[in-house]
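Participant: take a look and give me a structure for this.
(chains A and B)
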Amino acid sequence: MATASLPAHQQDHASSTNYLNCSRGFLSWACTLDHKRIGVMYLIGTMTAMFAGGALALILRAEHLTPQATLPGITHDLYNQLFTLHGAIMVFLFIIPSIPGALGNFILPIMLGAKDVAFPRMNLCSFYLWVGGLIFFLTALLTTGLDTGWTFYTPYSTNTSSTSVVTATLGAFILGFSSIFTGLNFIVTVHTMRPPGMTWFRMPLFLWALYSTAIIQVLATPVLGITLLLLAVERSFGLGIFDPKLGGDPVLYQHFFWFYSHPAVYIMILPAMGIISELISTFSRKPIFGYRFIAFSSMAIALLGFLVWGHHMFTSGQSEMVTVVFSVLTFSVSIPSAIKVFNWVATMYKGSILLATPMCYALSFIFLFTIGGLTGLFLGALATDIHLHDTYFVVAHFHYVMMGGTLVAFIGGVFYWWPKITGRMYNEFWGQVSSLIVFLSFNLTFFPQFILGSRGMPRRYFNYVPEYQTLHILSTIGSFLLGFGLALAAGVLIASLFSGRRAPANPWGSATLEWQCSSPPPLSNFEHTPSVGDPYDMNSVVWDAETESYVKQQSSGGHSHVASAH
Amino acid sequence: MATAVETHETDGHGDHDDWHHKPFSAHHFENAEQQFDSGKLGMWLFLVTEVLFFSGLFVAYAVYRANHPEVFIYASQYLDKYLGGMNTVVLIFSSLTMAWGVRCAQLGQRSGLILMLSLTLACAALFLGVKTFEYTEKAHKRLLWAGAFVNATDINKSLGTTKRPGNHVFVVEKIPKPPETFEERMMVSLRAIQRFWGVSMLIPVLLVGLGYRFNSRPTRTIGYAVLLSIGAILVGMEASIQIHEFQHGGAHAATGGHDADHHEADHQEAGHNGEAGLPGAHPEHSVVAGDIVDPMLSELTSDAEPKDLKSLSDRPRNANIFFSIYYFMTGLHAFHIICGMIAITWLLVRSVEGHFRPDYFGPVDFVGLYWHIVDLIWIYLFPLLYLIGN
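Facilitator: The predicted structure is shown next:
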């Protein structure tokens, strides 16, 4: 493997064509089988969905400036539709597909040193299924809307609601298959296409996270599929499965739904944790602390996530025995989550920390995720959950995890891999400013909601008692600042496309494989099979002032540097 | 998914040493072994999702059987276990031919593979033919899913029966009998379906003709495969009719009309009380769909003397939740059979073209796996739905 240890910049000079400019025209993107282009299309699509869902959220928050109706034209019914679509768009169109679909698709094969994912056509199909789901949701939005809440609870969704429940349900069904195809592809790719030398425990932790996520996607999503199909048939033909009038049981729907949708919470957070593992290690210039613990905790979360769905139904009429069991299992999930947090903090300990934009987002993640996770314990405890169930406390909790966790990590990951994806460096200062605004305004938005919830403000209510107004106003101010922060982040990234300097192959000094190919990567990812070493051996790359990039150390060719990793 | 294995058409019938230049080699794999392993793992994972897809239904089955055991024992007697048994045998046989086909592909026996795939396809279509008979029979007996009785008047219209006044079950006796008995009406529907399929045979015949005209072998193969499928559907329907008549003889003719009156009057009642499809508006009327259907469940069988069925007064509530589950599970399974038939037709085209060789038979293997899981699901469905009442 003499060619294996070529310095990255030599490859850079050798290739002027990359995946972005190797072919042109609409069809070269629409019919592409290249995982990188599919990833970019996913990135654009999911980001668009995020800003659409975010705009809905801002309308909701503005509505809550006063205890009664605030905005002209926003009626009670429209309010119901707005929060439903905000939830459905954010969950099904943005958070679930964002990290696996966009960053995972782009990064996973390159991290593995592979040319593509195992089934490129299925990968493209997955993207088009996402588009199909989007069309269904848009149809629902533009016809009669949707007002069931994103959970489609029966019997409201089957018997009462007069909105496009079937359309939206089929949209979510199709998006489910998009998710299954992505997960299936990732599992097969990780199993069969690892290069020689990359054992399971030499995989970067982002791959472990995506692999765990993919397991949940493959195992949980079909159950959502059949549930939504049953719901659509129930509503259309009166199957009777969920209708007590016909002998069915509406709570069975809740069981089915949460059997998917609780693991789906880990579909959302696990890849984010994988990103954080990469960011913390790279920007602390230290090998990740407790590699195996982080890897195994991803798997543990994936498996435990299947056993806790009942905690969504503590107030829906389960037996006491069942609620106690689900409560205990819910607490057990906090163990692997905490292991990860401790390991990230331990990684930073005595590291030489660089507060680049991705690292700023990673630190925000650790802080916000910790709050989100710990407040989850309040909700997992039976006694407090009775008080807090369906209040703003729940809203704040899952926004701390999904938005403070997943979204923040996603943005951090986008900043981190942006030079690789586009070949351009963004403006570091404004990136850091955006992360600070996002962090502060996020807390301003959602921390008051914890207080609101614990004082009894129910979620999904149009009106509220005047005592809550101060906190609501704080939250609304925060939400607009948050929207500004996210728009600033997007602006920084987009501006870099026009004015950013060219990105070197490895601007951050990370040792994982994707930084060994040029930025942006060539169509087949690697001209030469990359050498596989310890993904967190920061000593294997050194700063090269000539190319302004980190390069692999010349002296340690082949695999010899692996031995010196520890 | 078998189709996910990228077929990278190169000009390479020449250099067989280089894997990358063989036909059907996906360029992003290192070698044939990696390509095959990936496809196989992908297929197994897909089967896992299939199992979980059906698992929701099996859970629903278990929940409702635990909640209403009497419904399941009572209603399952209306399924014909002989027809179900025949379908089980047909599917198990098709699994044999499929496995045999995989072996043929591995050994490079082209004609054997074509024969085995054709047999599998014929068995699948035979299964659907029997299923067509079962569904038709049940539709005529009004053994439908629960919600079908919410708009019972619509069903009467759709079945071409006339609406008559009178909304009480005891008024029925005075109403004139319908022109045809239940059996005859069912046969009319079945013959109509058979005629439909018979006429549809023109399409594959046309395809075969086009295939010869334009010298396109794949078109011909598809034509023959569709022709074979339709033929097998017709055979399946005819066989079911024969089995049905053998079981029941002609003894039902005297009672058929009488029963029909009963159920129509009941639907009248449902339509009336239900008030535009919203039963339950008057709970005191007890228009729960299960109650509406039950008289038919007990009386509108084509049996001359009800075997050991429970009497009318013993009928359980919500009996048609069983049929909701029955239709959904078997319907979804039938959908998978149809998908399998499309996949097998695709394999047939490719095997006629001679694509499969001992070093490239992945798609046959993968579709075979899929076919076995479809078979396996039926093996669970059959006893759970057909055999529990005995």
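Participant: leaving out chain neighbours, which residue sits closest to residue B:145?
Facilitator: residue B:324 (4.1 Å; C-beta to C-beta, 6 or more residues apart in numbering or on different chains). The way it works is simple: take the backbone N, C-alpha and C, and place the C-beta from them, glycine included.
Participant: burial of the residue of the stretch 101-250 of chain B found nearest chain A, as a residue count?
Facilitator: Residue nearest to chain A within the stretch 101-250 of chain B: residue B:147 (1.5 Å; C-beta to the nearest C-beta). Number of residues near residue B:147 (other C-beta atoms under 10 Å in any protein chain shown) recorded here: 25.
Participant: tell me the contacts of it?
Facilitator: For residue B:147, the contact set (C-beta atoms under 8 Å, 6 or more residues apart in numbering or on different chains) comprises A:234, A:237, A:238, A:239, A:240, A:243, A:246, B:289, B:324.
Participant: hmm, back to that, what helix or strand is the residue nearest to residue B:145 on?
Facilitator: Element membership for residue B:324, per DSSP states H and E: helix B:320-352.
Participant: give the rounded mean pLDDT of that helix.
Facilitator: The average pLDDT for helix B:320-352 rounds to 95.
Participant: in the helix or strand just after it, which residues are buried?
Facilitator: Note on helix B:320-352: by DSSP H and E, the next helix or strand toward the C-terminus is helix B:362-382. Using 16 or more other C-beta atoms under 10 Å in any protein chain shown as the test for burial, helix B:362-382 gives B:362-378, B:381-382.
Participant: give me the helices and strands touching helix B:362-382, please.
Facilitator: Packed against helix B:362-382 by the contact rule (3 or more C-beta pairs under 8 Å, 6 or more residues apart in numbering or on different chains; DSSP states H and E) you find helix B:32-67, helix B:81-107, helix B:320-352.
Participant: any residue of the longest one touching chain A?
Facilitator: Yes - using C-beta under 8 Å from any C-beta of the partner chain, a contact is recorded between helix B:32-67 and chain A, made by B:34, B:37-38, B:41-42, B:45-46, B:48-50, B:52-57, B:59-60, B:63-64, B:67.
Participant: where in the stretch 1-150 of chain B is pLDDT low?
Facilitator: B:1-20, B:149-150 (pLDDT under 70).
Participant: go on, chain A?
Facilitator: Along chain A, segments meeting pLDDT under 70 span A:1-15, A:554-566.
Participant: all strands of it, in order?
Facilitator: Using DSSP state E, the strands of chain A run over residues A:541-544, A:549-552.
Participant: and of those, who's closest to residue A:71?
Facilitator: Nearest to residue A:71 among these is strand A:549-552 (50.9 Å), distances taken as C-beta to C-beta.
Participant: burial count for the closest residue to chain B within the stretch 201-350 of chain A?
Facilitator: Chain B sits closest to residue A:238 of the stretch 201-350 of chain A, with a gap of 1.5 Å, by C-beta to the nearest C-beta. Using other C-beta under 10 Å, the number of residues around residue A:238 comes to 26.
Participant: please report how far it lies from residue A:155.
Facilitator: Distance from residue A:238 to residue A:155, counting by C-beta to C-beta, to the nearest Å: 12 Å.
Participant: who are the contact partners of residue 57?
Facilitator: Assuming you mean chain A. Residue A:57 sits next to A:86, A:479 when contact means C-beta under 8 Å, 6+ apart.
Participant: the intended chain is chain B.
Facilitator: Neighbouring residues of residue B:57 by C-beta under 8 Å, 6+ apart: A:226, A:230, B:325, B:328, B:329, B:332.
Participant: roughly how far apart are it and residue B:138?
Facilitator: Distance from residue B:57 to residue B:138, by C-beta to C-beta: 18 Å.
Participant: again with residue B:84
Facilitator: Distance, residue B:84 to residue B:138, by C-beta to C-beta: 12 Å.
Participant: these two - which one has more neighbours?
Facilitator: Neighbour count, other C-beta under 10 Å: between residue B:84 and residue B:138, residue B:84 has more, with 21 against 18.
Participant: compute the number of surrounding residues for residue 206.
Facilitator: Picking chain A for this. Using other C-beta under 10 Å, residue A:206 has 26 neighbouring residues.
Participant: not what I meant, chain B
Facilitator: 11.
Participant: ok, now which ones touch it?
Facilitator: Shown in contact with residue B:206 (C-beta under 8 Å, 6+ apart): residue B:223.
Participant: quick one: secondary structure of it?
Facilitator: helix (DSSP: H, G, I helix; E, B strand; the rest coil).
Participant: any idea how far it lies from residue B:329?
Facilitator: 36 Å.
Participant: same check, this time on residue A:514
Facilitator: Using C-beta to C-beta, residue A:514 is found at 46 Å from residue B:329.
Participant: likewise residue B:361?
Facilitator: Using C-beta to C-beta, one gets 33 Å for the distance from residue B:361 to residue B:329.
Participant: just confirm the residue of the stretch 101-250 of chain B closest to chain A is within a helix.
Facilitator: Yes - counting by three-state DSSP, residue B:147 falls inside a helix.
Participant: how near is the closest residue in space to it that isn't next to it in sequence to residue A:229?
Facilitator: Ranked by C-beta to C-beta, 6+ apart and with sequence neighbours excluded, the top spatial neighbour of residue B:147 is residue A:238, at 1.5 Å. Per C-beta to C-beta, residue A:238 is found 15 Å from residue A:229.
Participant: I figured residue B:60 hits residue B:325, correct?
Facilitator: Yes - Residue B:60 lies in contact with residue B:325 (C-beta atoms under 8 Å); the separation is 6.4 Å.
Participant: who touches both of these two?
Facilitator: Common contacts of residue B:60 and residue B:325 (C-beta under 8 Å, 6+ apart): residue A:241.
Participant: quick one: contacts for residue A:203?
Facilitator: A:111, A:112, A:190, A:194, A:211, A:295, A:535.
Participant: now the fifth one. Nearest residue, chain neighbours left out?
Facilitator: Ranked by C-beta to C-beta, 6+ apart and with sequence neighbours excluded, the top spatial neighbour of residue A:211 is residue A:190, at 5.0 Å.
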